[in-house]
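> Please work out how this folds:
(chains A and B)
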Amino acid sequence: MSFREKLKAFSDGLTEYYAGPYRATFIKARQQEDDLFMMLVLSEALGVPNPASYYTLELLPIVYEDFHAWHRRMGMEHSPLENIQCC
Amino acid sequence: MLLELIGDTRIVFFGGKGGVGKTTVASATATALAAAGRRVLLVSTDPAHNLGHLWGVRIGDRITTVREHLDVIELDPAETTRQHLAEVGHTMRQMMPEHLHGEVSRHLELSAQSPGTHEAAILERIATLVAEESDRYDHVVFDTAPSGHTSRLMALPELMAAWTDGLLDRRAKSEHLSAVVRGLSPTGRDHVVTGAVDPVDRRNQQLRSILLKRRERFTHLRDVLTDPAQCVFFIVLTAERLPVLETAEFHAELRSSGVRVGGLVVNRRSPADQGGFLAQRRTHEEEALTTLRIDAPVVHLPLQPTEVTGASGLEAFARLL
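I've put the predicted structure just below:
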């Protein structure tokens, strides 16, 4: 490893050391934002009347991918929604 | 007089209390416009369709020509919903493992039954007709469902636009946070250059493009409906106490949705010179109409000796407008 590369690795390490905690915070914030979005789209399934369920339906295929990750993240082994059984 | 009130306005709605003759007046107006050489599309948005019965032909959910320059369609919310669900279901099944296809179908079936779905389906069709068909016709005349449903329908584009705006805001926030995260990663600079599409970005783009498409539709429909030069609403009523009272409320609701009310059509006015019985009714009608304090032109249509049916009946009735 040349001196240049060593310097680069050191610099990356420092960046990671300082930026890491912030990144984690922002990832968390984004996840919460996405979770809220998913709840809005799935509100009908949760028993909250949704004025636009006809239109949220077309978003379902896309948030479906995320749904599994969400309930695992929330500490639920299996899907909490009776009509969405992803696993 | 009604034709002068319509003028060159492209989108014309007829609404009012049930049973006052909306379908007859809308059909007669469409006939009169077509007779004047304009190309007209007459649309029924009432799930209990009567256009076919009135014209004496089977119409259904496809554009049918009933006379020169006049096409007719009866929107079918159930069929629209079924197609919409079939499309969504198709996409979902492609993305889900096969053993879950049953779940997908179950979820979609429940959604089809949820309240508001038929309303949304009708709205969707109106938006499509206004956006796509209105270039091929000089006038699109809507024969609507009784007042309550229709005032809600006229308020929906505004609600839906607000709703998609809300969802788009959420997406913008989430995407902004994604960008920040990317900037904070040590290889962030390289990432932007390579432009590799990561799954989160791809999903975000899909969500946004669907939402934007929706919002564009809603705002377009709302802009047309609230533009006095493009859209006009006529309230049909009979000169009786209940329809008059309902008309006042309906008028207020339409105004608050920003829809221009071009006039009131008082249908089935009794003649004054056909015997004491009808003359007495006539006096009673005048009384009922005095309580109608709405600042809009009023068109009176006389009671007919026989029921208006079929193309020839409508032609004759159209000459009275």
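> The spatially most central residue of chain A: which element?
With distances taken as CA atoms, centre = their mean, residue A:31 lies nearest the centre of chain A, 3.9 Å away. Residue A:31 is part of helix A:3-41, with elements assigned from DSSP states H and E.
> Give me the pLDDT for residue 15.
With no chain named, the answer covers chain A. On pLDDT, residue A:15 comes in at 83.
> my bad, chain B
94.
> Flag the shaky bits of chain A, pLDDT-wise.
Within chain A, the segments meeting pLDDT under 70 span A:51, A:82-87.
> which bits of it sit near chain B?
A:12, A:15-16, A:19, A:22-23, A:26-27, A:29-30, A:33-34, A:36-37, A:40-41, A:44-45, A:49-55, A:57-66, A:83-86 (CB under 8 Å from any CB of the partner chain). Where you see a C-beta, it was placed from the backbone N, CA and C, and this is true even at glycine.
> try it again with 6 Å
Those residues of chain A that sit near chain B, judged by CB under 6 Å from any CB of the partner chain, are A:12, A:15-16, A:19, A:22-23, A:26-27, A:29-30, A:33-34, A:37, A:44, A:52-55, A:57-58, A:61-62, A:83, A:85.
> Count the residues that sit near residue B:305.
Residue B:305 has 7 neighbours, counted by other CB atoms under 10 Å in any protein chain shown.
> before we move on, what about residue B:48?
Residues lying near residue B:48 (other CB under 10 Å) number 8.
> Apart from its neighbours in sequence, what residue is nearest it?
In this structure, residue B:48 finds its nearest non-sequential neighbour in residue B:145, 7.7 Å apart by CB to CB, 6 or more residues apart in numbering or on different chains.
> right, and the one you found touches residue B:44 too?
No. Distance between residue B:145 and residue B:44: 8.9 Å, which falls outside the contact criterion (CB atoms under 6 Å).
> Looking at these two, which is more packed in?
Neighbour count, other CB under 10 Å: between residue B:145 and residue B:44, residue B:44 has more, with 27 against 19.
> what pairs with the host helix or strand of residue B:234, and is each one parallel or antiparallel?
According to DSSP H and E, residue B:234 maps onto strand B:231-238. Here strand B:231-238 has these sheet partners by DSSP bridges: strand B:11-16 (parallel), strand B:261-269 (parallel).
> most packed of these?
The highest mean neighbour count among the strands paired with strand B:231-238, using mean count of other CB atoms under 10 Å in any protein chain shown, belongs to strand B:11-16: a mean of 26.
> Need the residues that contact it.
For strand B:11-16, contacts defined as CB atoms under 6 Å, 6 or more residues apart in numbering or on different chains pick out B:6, B:22, B:25-26, B:139-144, B:150, B:230-237.
> Moving C-terminal from that strand, which element do we reach first?
Beyond strand B:11-16 on the C-terminal side, the first helix or strand identified by DSSP H and E is helix B:22-35.
> State the mean pLDDT of that following helix.
The predicted model assigns helix B:22-35 a mean pLDDT of 96.
> again with stretch B:286-299
The average of the pLDDT scores along stretch B:286-299 is 91.
> same question, stretch B:90-106
The average pLDDT within stretch B:90-106 is 75.
> for stretch B:40-54, same thing?
Throughout stretch B:40-54, pLDDT has a mean value of 90.
> what's the closest non-adjacent residue to residue 53?
The chain I'm using is chain A. Spatial nearest neighbour of residue A:53, excluding adjacent residues (CB to CB, 6+ apart): residue A:44 at 4.5 Å.
> ah, no, chain B please
Residue B:53's closest residue in space is residue B:309 (CB to CB, 6+ apart), at 8.0 Å.
> what about residue 46, neighbour count?
In the absence of a named chain, chain A is used. 10.
> That was the other one, I meant chain B.
When counting by other CB under 10 Å, one arrives at 21 neighbours for residue B:46.
> What sits closest to it if chain neighbours are left out?
Nearest non-adjacent residue to residue B:46, counting by CB to CB, 6+ apart: residue B:145, 4.0 Å away.
> what about that neighbour, which helix or strand?
Here residue B:145, judged by DSSP H and E, is contained in no helix and no strand.
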